[in-house]
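>>> Show me how the following folds:
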Amino acid sequence: MDLYEPFALAAALVALLSLLYLAWDVDPVWALCGAIATSVFSGNWELLGVPLGPDRLLFAVGVLALLLRAPGARDRPAVRIEPVHWLLALTALYAIGSAAWVGTLGEKTAVFKLLDPLGIVPFLMFLVAPLAFRTARQRAALLYTLILVGIYLGLTAVFEVLEIEALVFPKYILDPTIGIHEGRARGPFVEAVGMGLALYACGVAAIVAAAGLPRRRWLTVGAVGVAVLCTVGVLLTLTRAVWLGAMLATALTMLAAPELRRFVLPTTAGGIVLVLAALAFVPGLGERADERRGDQWPVWDRLNTNAAAIDMIAARPLLGFGWNRFEAESPIFFRQSADYPLTGERAGVHNVFLSRGVELGLLGTLLIMAGLVFGVGRAMLSRGPPELRPWRFGLIALAISWLVAANLGPLPYAFPNLLLWAWAGVVLGGSRQEGAEPIAVKQAQMAASVPSPATADRS
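From the prediction side, this is the model:
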């Protein structure tokens with residue numbers, strides 16, 4: 001072992017120097033895009049033999065480069081702190097204080113929940129996204145990143161369901177003892193809900209790219225093709241929460257955008273054809289879909305855990321039981337129903353807001369909901385420049401699918417949480433830039449209307 005220690009130290013030093021160079025000289029947009037892309041493996045890096053996730057390192061590099069105005073970020077303005085950022089900071093501090101109060105701050109699971117599901121990392125991304133993705137070129141980098149992620153996830157979903165194991169990477173995806181939802185498309189998340197949310201988000205990004213990037217036929221056709229591949233992947237997850245979220249998000253977004261309403265019926269018809277084709281040509285998919293439709297166990301788990309959560313909130317409504325304390329405190333709150341079996345005693349709450357109500361009480365839950373309204377909601381309602389209009393409707397789709405999943409599951413996945421807040425930051429940052437333009441135009445018009453001294457003398 002001692003023989004390899006010098007090589008390990010040398011490799012760590014090279015990695016550290018590379019990160020320092022990346023932070024100092026390269027546009028931080030690449031570090032943040034890399035962080036978003038590699039976050040699909042978050043929580044499973046140890047299965048790949050990587051002790052510290054590259055997504056964490058890349059994210060830290062990108063954020064520090066923007067905040068410290070490194071050479072790669074010299075063209076960016078200073079970070080702009082708004083009341084919503086203070087609200088999100090207060091939410092994070094409240095949750096950290098709750099964890100310290102009940103003694104869970106040192107638990108790995110509790111810390112992970114603070115970083116991603118709550119989440120401290122998405123809140124920081126929301127802060128710096130307006131700076132990182134300020135120009136059309138930088139926003140295009142994010143879309144291209146998501147398209148590549150969508151290709152990887154979509155193909156992985158197809159290879160999993162068709163059992164082409166040689167093409168599935170990484171191999172831990174194939175291990176039935178790791179994660180849950182064996183037999184469905186679950187990808188690097190080893191969980192079908194996280195996979196479905198990520199696939200839908202990448203499909204939305206592909207459509208935004210087709211609508212908003214330069215009009216090149218090959219690019220448009222390719223982006224639409226990726227969107228179709230991601231849609232197939234969503235179907236292959238065989239997960240009702242994902243299907244419901246995708247359908248609602250797509251329908252409501254198209255109805256909200258006047259220019260998209262005429263495509264509602266063709267899109268619906270195309271989706272039906274795609275589903276029927278998948279059921280007909282993917283071996284065993286129809287049987288598995290029938291099994292999922294009749295599977296009541298997850299429904300019973302949700303009903304039991306949600307009922308226990310409601311009773312726990314009623315017992316301690318203001319401050320809750322403390323961060324990450326549901327499983328330890330909930331057994332006495334489970335009750336046998338007359339309508340369904342008692343299950344889910346060892347499962348977490350299948351609802352993000354009920355879970356936060358148990359842990360943080362109504363006060364903490366109101367802080368979280370206020371952050372969503374004034375952060376994501378405000379961005380959805382903002383009016384930015386025309387080139388950000390597809391982004392705003394894309395945010396509406398992402399937010400609706402996220403909300404549906406949040407009401408039907410715990411949502412512990414890094415990728416969809418990080419992307420939602422990054423996308424909101426991009427849209428909100430664009431609306432700020434538009435707000436500055438009329439002032440500049442007025443100042444230019446005023447300067448043009450005031451005669452110069454030479455002109456005044458001639459007159």
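>>> drop to CA atoms for contacts and neighbour counts, all remaining ones
OK.
>>> which stretches of the stretch 151-300 of the chain aren't confidently modelled?
214-215, 290-294 (pLDDT under 70).
>>> quick one: the helices in it?
With DSSP state H, counting those that start in this stretch, the ranges of helices along the stretch 151-300 of the chain come out as 192-212, 217-236, 240-256, 264-281, 285-294, 297-315.
>>> Next, the angle from the third one to helix 192-212.
What that stands for is helix 240-256. On the basis of axes from the mean of the first three to the mean of the last three C-alpha atoms, to 10 degrees, helix 240-256 is oriented at 20 degrees to helix 192-212.
>>> Tell me the helices and strands packed up against helix 240-256.
Counting contacts by 3 or more C-alpha pairs under 8 Å, 6 or more residues apart in numbering; DSSP states H and E, helix 240-256 is packed against helix 192-212, helix 217-236, helix 264-281, helix 389-406.
>>> what do you get for the fourth one?
Applying 3+ C-alpha pairs under 8 Å, 6+ apart, we find helix 264-281 packed against helix 217-236, helix 240-256, helix 285-294.
>>> got these as a markdown table, with mean neighbour count columns?
Output for the helices and strands packed on helix 264-281, formatted as a markdown table (neighbours: other C-alpha atoms under 10 Å):
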| stretch | mean neighbour count |
| --- | --- |
| helix 217-236 | 21 |
| helix 240-256 | 20 |
| helix 285-294 | 14 |
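>>> Of the ones you listed, which is nearest Ile400?
helix 240-256 (5.1 Å; C-alpha to C-alpha).
>>> so Ala11 is in which element?
helix 5-25 (DSSP states H and E).
>>> what residues does the helix or strand immediately after that helix in the chain touch?
Using DSSP H and E, the helix or strand that directly follows helix 5-25 along the chain is helix 28-38. Helix 28-38 is contacted from outside by 22, 54-59, 61-63, 65-66, 72-73, 132-133, 138, 141-142, 145-146, 149, 415, 418-419, using C-alpha atoms under 8 Å, 6 or more residues apart in numbering.
>>> Same list (the helices of the stretch 151-300 of the chain) but as JSON lines, adding distance to Ala406.
Shown next, in JSON lines, are the helices of the stretch 151-300 of the chain (distance: least, C-alpha to C-alpha, whole Å):
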{"stretch": "helix 192-212", "distance to Ala406": "10"}
{"stretch": "helix 217-236", "distance to Ala406": "17"}
{"stretch": "helix 240-256", "distance to Ala406": "9"}
{"stretch": "helix 264-281", "distance to Ala406": "24"}
{"stretch": "helix 285-294", "distance to Ala406": "20"}
{"stretch": "helix 297-315", "distance to Ala406": "12"}
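>>> so which of these comes closest to Phe334?
helix 297-315 (5.3 Å).
>>> which helices and strands does the closest one pack with?
helix 352-372.
>>> Residues touching the helix it packs on, excluding its own?
Contacts for helix 352-372 (C-alpha under 8 Å, 6+ apart): 84, 87-88, 91, 94-95, 98, 306, 309-310, 312-313, 316-326, 348-349, 406-411.
>>> any residues touching whatever helix or strand comes next after that helix, and which ones?
The element immediately downstream of helix 352-372 (helix or strand, assigned by DSSP H and E) is helix 378-381. Contact with helix 378-381 is made by 392-393, 395-396, 424-425, 427-428, as judged by C-alpha under 8 Å, 6+ apart.
>>> and helix 378-381, which residues are buried?
For helix 378-381, burial by neighbour count (16 or more other C-alpha atoms under 10 Å) applies to 378-380.
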